[in-house]
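Asks: Quick one, what's the 3D model for this:
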Amino acid sequence: MKKILILGGTYFQIPAIRYAKSKGYYVVTCDYLPSNPGHKLADEYYNISTTDKEKVLDLASSLHVDGILCFASDPAAPTSAYVSEKLGLPGNSFDKICLLGEKHLWRQFLRENGFNVPKAKSYFDIQEVDVDDWEYPVMVKPVDSSGSKGITKVFDKDGLTDAFHFALSYSRLKIVLIEEFIEKVGPQIGGDGFFGISRLEFVCYGDQVVDNSINGYVPCGMKFPSLLSASLKERITNEIERAISLSGLKNLSFNLEVMVDKNDKIYLMELGPRNGGNCIPEVIYNYTDVNMVALAVEASLGNTFPICCHINKHVFAYYALHSRISGIYKGYRLLGSFQGKINGSYIFLEEGDIINAFLGSNETIGILLLEFNKYSDMDDFFNSPSSYVEVLVEEL
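Replies: Numbering: from 1, shown residues only. Predicted coordinates for the structure are as follows:
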C-alpha cells in the first residue's frame with residue numbers, strides 16, 4: 001500500500017484526501033490545527049505546521065512515505081518541494097517551486113525571458129523605498145501571501161508607508177513588492193492547469209469576480225468558462241506553456257492569474273505551483289470532467305492519470321460566502337429567485353462565530369459550488385449575489 005503525506009487538513013484538502021483514500025492509499029495529514037476537518041478522514045494525523053520544512057522532513061522520513069502533496073495551499077508548496085527533493089520523492093526542486101511561489105522571483109524570471117511584466121521591485125524595509133521612483137497608483141503586496149491578503153492599491157506617495165507595513169504583516173519572508181498598476185480590460189483570468197513532462201497537457205480558464213463594495217482585489221467567485229476570445233485564449237495558453245517550459249518544472253499542477261491590458265498585452269501575474277483554493281478543481285471537474293485532484297495526487301506518487309475532457313453544456317462557478325460588515329454569523333439562506341443549482345458547499349463557520357468584513361480570503365464564510373443552465377443566469381447571480389443568497393450577520 002502506497003503512503004502519501006498530504007500537507008494540511010482544511011476543507012480545501014478534503015478532495016485530495018478522499019481521492020487518495022478511494023484509491024487505497026494510506027493517507028497521513030499534518031498541520032498545526034487538529035480540529036481541521038480533513039484529519040478525521042486520514043489514517044494518521046500529526047500536529048506539525050506545514051511551513052516547518054525540517055519537522056515535515058523528519059516526519060516524512062520516519063514514516064517512509066511514497067509521496068508528499070501540497071494541494072490548494074500556497075504556504076505548503078515550498079515545504080512539499082523541499083521534502084520531496086531531500087528524500088528523492090516525485091516532485092520538483094525547492095528552488096524551482098520558490099520561483100513560481102515568490103512574486104519578486106517570478107517577476108524577475110518573466111523580465112529576463114521576455115514576457116510582459118509590470119515594473120516591480122522588492123524591499124525589506126520602507127526606508128529602502130524612494131517614493132519618487134514610482135508613478136502612481138502602484139500595487140503594494142507581500143511576495144509570498146495568497147488570497148489577496150495584504151494587498152493595497154496606493155494612489156500617492158503619502159499612502160505608501162501604511163501599505164508597506166500592512167503588506168509586511170502578511171509576509172512570511174518579510175519582503176514587500178511594489179509594482180506598477182496594470183489597468184486590465186475585462187475580468188482577471190483565473191483557473192488551473194497541468195503541465196506534464198514537456199508540454200501543457202490541460203488548462204481551464206475562468207473569469208474572476210470581486211465584490212467592489214468591499215475590496216476589489218479579493219476574489220469572491222469565478223465563472224466557468226471564461227468569455228475570452230479563442231485567439232486570446234490561444235495566446236495566453238502559449239505564454240503559460242513557454243513560461244513553465246523555461247522554468248524546468250515538470251508534472252506540475254498550477255493555479256493561474258492572468259491580466260490583459262487595453263493593448264491586448266498578456267501579463268502572467270501568478271502561476272502558483274499548486275492547485276487553486278476555493279474549490280476551483282471541483283468546479284473545473286463539474287465543467288470539463290477533468291479530475292484535477294487525481295492528477296495532483298497521482299503525480300505526487302510518480303503515477304500518471306489520463307486526461308479526458310468533455311465540456312458540459314451548462315456553466316459553473318464557485319461563490320465565496322462573505323460579509324460586508326463585521327459581526328456574529330447567523331447562517332445563510334437561498335432566496336426564492338435563485339435560478340441555479342448547488343452542487344456542493346463547504347461552510348467554514350458555525351452559527352455564533354465572529355466574522356469580519358471580507359478584506360481577504362481568510363474572512364470567507366464558506367464556498368458554494370454552483371451550476372446554471374445559461375450564462376445569463378450565472379451573470380444575473382454575480383451581478384447581484386445578495387438578491388439570491390442572504391448572509392445573516394448580526395452587527396456588533
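Asks: Let me see the ranges of the strands in the stretch 101-250 of the chain.
Replies: Secondary structure of the stretch 101-250 of the chain, counting by DSSP state E, counting those that start in this stretch: strands at 120-123, 138-142, 152-154, 176-180, 189-195, 200-211, 215-224.
Asks: Could you export the ones you listed as a markdown table, including mean pLDDT and mean neighbour count?
Replies: C-beta here means a position set from N, CA and C on the backbone, and glycine is covered the same way. Below are the strands of the stretch 101-250 of the chain laid out as a markdown table (pLDDT from 0 to 100; neighbours: other Cβ atoms under 10 Å):
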| stretch | mean pLDDT | mean neighbour count |
| --- | --- | --- |
| strand 120-123 | 98 | 18 |
| strand 138-142 | 97 | 24 |
| strand 152-154 | 95 | 19 |
| strand 176-180 | 98 | 22 |
| strand 189-195 | 98 | 24 |
| strand 200-211 | 98 | 20 |
| strand 215-224 | 93 | 22 |
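Asks: closest to residue 68 out of those strands?
Replies: strand 189-195 (17.9 Å; Cβ to Cβ).
Asks: With distance to residue 304 as extra columns, can I get the strands of the stretch 101-250 of the chain in JSON lines?
Replies: Converted to JSON lines, the strands of the stretch 101-250 of the chain look like this (distance: least, Cβ to Cβ, whole Å):
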{"stretch": "strand 120-123", "distance to residue 304": "37"}
{"stretch": "strand 138-142", "distance to residue 304": "35"}
{"stretch": "strand 152-154", "distance to residue 304": "43"}
{"stretch": "strand 176-180", "distance to residue 304": "36"}
{"stretch": "strand 189-195", "distance to residue 304": "11"}
{"stretch": "strand 200-211", "distance to residue 304": "10"}
{"stretch": "strand 215-224", "distance to residue 304": "25"}
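Asks: And those strands: which comes nearest residue 107?
Replies: Residue 107 lies closest to strand 120-123 among the strands of the stretch 101-250 of the chain, at 4.4 Å (Cβ to Cβ).
Asks: mind listing what the closest one pairs with, with the direction of each?
Replies: Strand 120-123 pairs in its sheet with strand 176-180 (antiparallel), by DSSP bridges.
Asks: Other residues contacting the partner strand?
Replies: Strand 176-180 is contacted from outside by 103-104, 107, 118-124, 129, 134-135, 138-143, 160, 164, 167-168, using Cβ atoms under 8 Å, 6 or more residues apart in numbering.
Asks: if we go to 7 Å?
Replies: If you take Cβ atoms under 7 Å, 6 or more residues apart in numbering as the criterion, strand 176-180 is touched by 103-104, 118-123, 129, 134, 138-143, 164, 167-168.
Asks: Also stretch 373-388?
Replies: Applying Cβ under 7 Å, 6+ apart, the contact partners of stretch 373-388 are 209, 221, 223, 314-315, 317, 319, 334-335, 337-340, 372.
Asks: now swap in stretch 282-297 and tell me
Replies: By Cβ under 7 Å, 6+ apart, the residues outside stretch 282-297 that reach it are 4, 15-16, 19-20, 69, 71, 192, 194, 202, 204, 224-225, 253, 275, 281, 305, 307-312, 316-318, 343-344, 369, 371.
Asks: buried stuff in that stretch?
Replies: By neighbour count on 16 or more other Cβ atoms under 10 Å, the buried set for stretch 282-297 is 282-288, 290-297.
Asks: Quick check: the two most widely separated of these?
Replies: Among these, 287 and 297 lie farthest apart (Cβ to Cβ), at 20.0 Å.
Asks: out of the buried residues of stretch 282-297, which are inside helices?
Replies: With helices taken from DSSP state H, the overlap with the buried residues of stretch 282-297 comprises 282-288, 292-297.
Asks: Pick the one among the residues you listed closest to residue 173.
Replies: residue 296 (24.9 Å).
Asks: picking up where we left off before, now for the strands of the stretch 101-250 of the chain, which one comes closest to residue 34?
Replies: strand 138-142 (27.2 Å).
Asks: mind listing what the closest one pairs with, with the direction of each?
Replies: Here, using DSSP bridges, strand 138-142 pairs with strand 152-154 (antiparallel), strand 176-180 (antiparallel).
Asks: and of the ones you listed, who's closest to residue 62?
Replies: When the strands paired with strand 138-142 are compared by Cβ to Cβ, strand 176-180 sits nearest residue 62, at 37.2 Å.
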